[in-house]
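dropping a prediction and its sequence here:
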Amino acid sequence: MSPPTSQPLDTLDRKIVDKLARDARVSNRAIAAELGITEGTIRMRIKRLQAEGLIQFTVVQDFRLAGSPSLCMLGINVEPSQVASVAEELKQLEEISCVVLMLGRYSILAMGLFTNIEQLNELVMTRIRSLPGVQKVETSISIHNLKYEAGVAKITSPQPTVDA
């Protein structure tokens, strides 16, 4: 099932997302009071943003507590005509939590949490390198994470907005 067509984010949507990014537990009533609008408006906006896949609420814990101490990045070079199909395949891999199309050194950057190097090697050697169009996979393993906020991806770019 394809997601509904997204409406452009207006100023109110951005303010709501900002409030939720700071504290996802904040009540609709508190957001409404702060922004000077009705709670029903906030509730409807949040439901629309969720339905369009623009926001989601998840419980995020420190990944080290989940038994996965290694955040691993995979820089993947792919034949240009195959980038989209390889990215789609990577999205389906349970071990991969992030897939980003890139301009620069790699065609695709993928990230995941791995309990050991053998698990990472198995994934790269048997499931990623065998994908049609994959030319090279370069792995990097974090040794110390100074900041890692898996649950927040704020909308920060000053894109044109449609006023409410």
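It's in.

where exactly do the helices run in this protein?
Counting by DSSP state H, the chain has helices at residues 11-22, 28-35, 39-51, 83-91, 117-122.

the first one packs against which elements?
So that's helix 11-22. Packing contacts for helix 11-22, counted by 3 or more Cβ pairs under 8 Å, 6 or more residues apart in numbering; DSSP states H and E, involve helix 28-35, helix 39-51. Glycine gets a C-beta too; all of them are placed from N, C-alpha and C.

starting at the chain centroid, how far to the shortest one?
So that's helix 28-35. 26 Å (Cα atoms, centre = their mean, to the nearest Å).

on that earlier part again, need the helices of the chain in CSV with distance to residue 132 and mean neighbour count, can you?
Output for these, formatted as CSV (distance: least, Cβ to Cβ, whole Å; neighbours: other Cβ atoms under 10 Å):
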stretch, distance to residue 132, mean neighbour count
helix 11-22, 38, 17
helix 28-35, 47, 15
helix 39-51, 34, 15
helix 83-91, 7, 17
helix 117-122, 20, 14
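
including distance to residue 77 and mean pLDDT, could those helices go into JSON lines?
Compiled in JSON lines, these are given as follows (distance: least, Cβ to Cβ, whole Å; pLDDT from 0 to 100):
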{"stretch": "helix 11-22", "distance to residue 77": "33", "mean pLDDT": "86"}
{"stretch": "helix 28-35", "distance to residue 77": "44", "mean pLDDT": "94"}
{"stretch": "helix 39-51", "distance to residue 77": "35", "mean pLDDT": "93"}
{"stretch": "helix 83-91", "distance to residue 77": "10", "mean pLDDT": "97"}
{"stretch": "helix 117-122", "distance to residue 77": "18", "mean pLDDT": "91"}
